[in-house]
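Chemist: Need a 3D model of the sequence below.
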Amino acid sequence: APSVSPALVIGSAAVGIGVTLLAGLLPAMSAGRVTPLEALRPAIGAVSLRRLAGVGFWAGVVMIGLAVFALSTHQLGLIGLGAALFVVGLILVAPALVTPIARFFSGLLAAIFARSGTAQLAQGNLSRQPSRAAITASTMLIGMAILIMAASLFYSVTAGFGQVMRRSLGSDYILVPPWGNNVGSGAELADALRDVDGVALVSTLRFAPSALNGHSVALLGIDPATYPQVSGLTFSQGDASAYDALNDGRTIIVNPVVSSNYGLEVGDAVEMVTPKGTETYRIVGVGGDYLNAKIATVYVSQANIAADFNRNEDVLLQVNLAPDADRAAAEAGLKAAARNYPQFRLISGQEYIEQNLAIFDSVFQALYALVLFLAIPSLIAMVNTLAIGIIERTREIGMLRAVGSTRRQVGTIVLAEALILSALGTIFGVLAGLYLGYAGVVAMEAFGYPLQYIFPTLGVVLALAAGILFGIVAAIIPARQASRLEIVQALRYE
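Modeler: You can find the predicted model right below:
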């Protein structure tokens with residue numbers, strides 16, 4: 001159930017008030033540095049890129065460089081720091097890039113709004129206040145970055161864990177273990193399953209709690225000969241030869257959780273607690289499966305789990321059918337053999353994979369909905385910036401109307417400004433999102449789960465479409481406000 005603690009309320013209030021004060025402090029410090037002459041004689045005309053490329057710009061460039069370097073280290077702490085540096089770096093370099101990017105997109109918009117000159121006017125309006133435009137674009141940057149990052153992780157994780165699932169749950173049938181208790185079965189169930197017509201192979205898992213170098217772990221006993229034929233581990237260190245090595249004395253395979261958390265590698269010797277005392281085991285591989293992806297798990301031969309841990313009960317059974325087997329008859333035989341073992345549930349391996357992939361889909365759909373909700377502040381910020389720009393240019397808009405500009409042309413200028421702003425935020429958002437998504441995949445690799453990065457083509461297309469839509473929606477109210485200004489009142493505005 002939801003739980004709201006005093007610490008959560010106080011912390012949220014502190015963050016909210018602190019961010020608000022900080023947001024007011026920075027502009028106040030900037031305004032305090034403006035001299036009276038600068039305030040009375042504001043700059044007119046194009047803003048020089050050299051002028052904007054100051055300390056902040058070069059600091060942003062250095063941050064982006066460090067963030068790219070952090071990816072190559074495969075260190076979780078540095079990758080997390082690099083993600084923050086990359087986003088902050090983009091925000092710092094954005095003001096210097098507003099003018100060239102606005103000029104580029106104004107050229108594209110000029111082809112759409114031909115011969116009206118509205119795109120060039122919009123570009124000039126944004127170039128006057130590049131810092132304001134960059135800050136507004138930064139709000140969209142964050143929303144779009146989260147969208148692209150979510151898409152990158154969705155495709156990469158779904159594909160990666162899909163492969164892991166098919167490898168570790170790839171048998172034709174599975175007798176699902178009794179989660180939450182240790183009620184297994186003797187060898188009689190496995191023997192009964194092997195006697196079913198059409199069954200080619202049966203492999204089992206056995207369980208024992210233990211401690212490795214003082215840390216609690218789940219110990220799973222596997223048959224090194226049959227386990228690779230019905231299932232399999234995804235190795236991040238070592239290879240399939242580790243199965244045969246399990247028959248060579250006291251040897252184990254640890255999963256990535258154990259390897260990453262306790263800094264263990266192939267060849268290391270560890271102390272395992274057994275009912276008979278502490279025994280030394282040697283690590284021959286680092287690999288994991290889907291069911292134990294989040295659990296500190298150690299794989300050992302069934303001979304060793306019986307000899308050192310006194311465990312002979314099967315808690316998971318996997319069955320493969322012969323290629324020419326009658327599947328319906330074999331399934332009926334399996335159900336009959338398992339009828340006296342109600343703690344197990346017989347399911348199809350493919351069905352189990354599809355159920356778990358459906359969980360991934362539902363989780364990421366909820367994540368996409370959250371991302372869309374987080375994008376709303378960027379829309380509000382863009383509307384606010386456009387509205388302020390209209391108030392500041394009230395007399396200028398009056399002059400445009402006085403020399404013959406139509407209401408539609410004035411509205412088009414505002415729409416062009418919104419589209420250029422959204423394009424600026426979307427470009428930086430896509431760049432940040434691609435970095436964050438790739439960093440997430442690299443972080444999971446560092447944690448021991450080798451995933452292949454999949455470029456989020458659909459996510460990028462959705463981000464571009466969302467950027468255009470946001471630009472149009474954000475322009476509706478300010479464009480209406482600008483086009484309705486009366487000429488005389490606008491010219492007299494102070």
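Chemist: Low-confidence ranges, the stretch 51-200 of the chain, go.
Modeler: For the stretch 51-200 of the chain, residues meeting the criterion pLDDT under 70 lie at 51-54, 113-117, 119, 178-182.
Chemist: mind redoing it with 90?
Modeler: Scanning the stretch 51-200 of the chain for pLDDT under 90 picks out the ranges 51-61, 67-68, 70-84, 86-172, 174-187.
Chemist: what about the strands in it?
Modeler: Here the stretch 51-200 of the chain has its strands, by DSSP state E, counting those that start in this stretch, at 173-176, 199-212.
Chemist: Going by neighbour count, which residues in the first one are buried?
Modeler: Meaning strand 173-176. 173, 174, 175 (16 or more other Cβ atoms under 10 Å). Glycine gets a C-beta too; all of them are placed from N, C-alpha and C.
Chemist: would a markdown table of those with distance to residue 159 be doable?
Modeler: Below are those laid out as a markdown table (distance: Cβ to Cβ, whole Å):
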| residue | distance to residue 159 |
| --- | --- |
| 173 | 25 |
| 174 | 22 |
| 175 | 28 |
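Chemist: now, which of the residues you listed sits nearest residue 261?
Modeler: Nearest to residue 261 among these: residue 174, at 27.9 Å, using Cβ to Cβ.
Chemist: Including distance to residue 28, could the strands of the stretch 51-200 of the chain go into JSON lines?
Modeler: Shown next, in JSON lines, are the strands of the stretch 51-200 of the chain (distance: least, Cβ to Cβ, whole Å):
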{"stretch": "strand 173-176", "distance to residue 28": "62"}
{"stretch": "strand 199-212", "distance to residue 28": "56"}
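Chemist: Now do the phi/psi pair for residue 4.
Modeler: Taking degrees, to the nearest 10, you get phi -110, psi 110 for the backbone angles of residue 4.
Chemist: tally of neighbours for it?
Modeler: 8 (other Cβ atoms under 10 Å).
Chemist: before we move on, the earlier item: for the strands of the stretch 51-200 of the chain, which one ends up most surrounded?
Modeler: Comparing those on average neighbours per residue, with mean count of other Cβ atoms under 10 Å, the densest one is strand 173-176 at a mean of 23.
Chemist: Walk me through which strands that strand pairs with, and which way each runs.
Modeler: strand 316-321 (antiparallel), strand 345-348 (antiparallel) (DSSP bridges).
Chemist: who touches the first one?
Modeler: I take that to be strand 316-321. 171-177, 189-190, 193, 198-205, 229-231, 327, 330, 334, 344, 349 (Cβ atoms under 8 Å, 6 or more residues apart in numbering).
Chemist: Which secondary structure elements does the next helix or strand after that strand sit against?
Modeler: The helix or strand immediately downstream of strand 316-321 is helix 327-337, counting by DSSP states H and E. Here helix 327-337 touches helix 187-194, strand 199-212, strand 316-321, strand 345-348, going by 3 or more Cβ pairs under 8 Å, 6 or more residues apart in numbering; DSSP states H and E.
Chemist: Go again with 6 Å.
Modeler: Using 3 or more Cβ pairs under 6 Å, 6 or more residues apart in numbering; DSSP states H and E, no helix or strand is in contact with helix 327-337.
Chemist: what angle separates it from strand 316-321?
Modeler: For helix 327-337 against strand 316-321, the angle by axes from the mean of the first three to the mean of the last three Cα atoms, to 10 degrees is 150 degrees.
Chemist: by how many degrees do helix 327-337 and helix 187-194 diverge?
Modeler: Helix 327-337 and helix 187-194 are oriented at 160 degrees to each other (the same axes, to 10 degrees).
Chemist: tell me the angle of helix 327-337 relative to strand 199-212?
Modeler: Inter-element angle recorded for helix 327-337 and strand 199-212: 50 degrees (by the same axes, to 10 degrees).
Chemist: buried sites along helix 327-337?
Modeler: 330, 331, 333, 334, 337.
Chemist: what's the answer for stretch 158-175, then?
Modeler: 158, 160-161, 164-165, 167-175.
Chemist: now these as JSON lines including distance to residue 20?
Modeler: Compiled in JSON lines, those are given as follows (distance: Cβ to Cβ, whole Å):
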{"residue": "158", "distance to residue 20": "39"}
{"residue": "160", "distance to residue 20": "41"}
{"residue": "161", "distance to residue 20": "41"}
{"residue": "164", "distance to residue 20": "45"}
{"residue": "165", "distance to residue 20": "46"}
{"residue": "167", "distance to residue 20": "51"}
{"residue": "168", "distance to residue 20": "49"}
{"residue": "169", "distance to residue 20": "50"}
{"residue": "170", "distance to residue 20": "54"}
{"residue": "171", "distance to residue 20": "57"}
{"residue": "172", "distance to residue 20": "60"}
{"residue": "173", "distance to residue 20": "59"}
{"residue": "174", "distance to residue 20": "54"}
{"residue": "175", "distance to residue 20": "58"}
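Chemist: List just the nearest of the residues you listed to residue 398.
Modeler: Nearest to residue 398 out of those is residue 158 (Cβ to Cβ; 55.7 Å).
Chemist: Surely the closest one touches residue 361?
Modeler: No - applying Cβ atoms under 6 Å, one finds residue 158 not in contact with residue 361, separated by 7.8 Å.
Chemist: still on that earlier bit, among the strands paired with strand 173-176, which is nearest residue 444?
Modeler: Here strand 316-321 is closest among the strands paired with strand 173-176 (Cβ to Cβ), at 25.2 Å.
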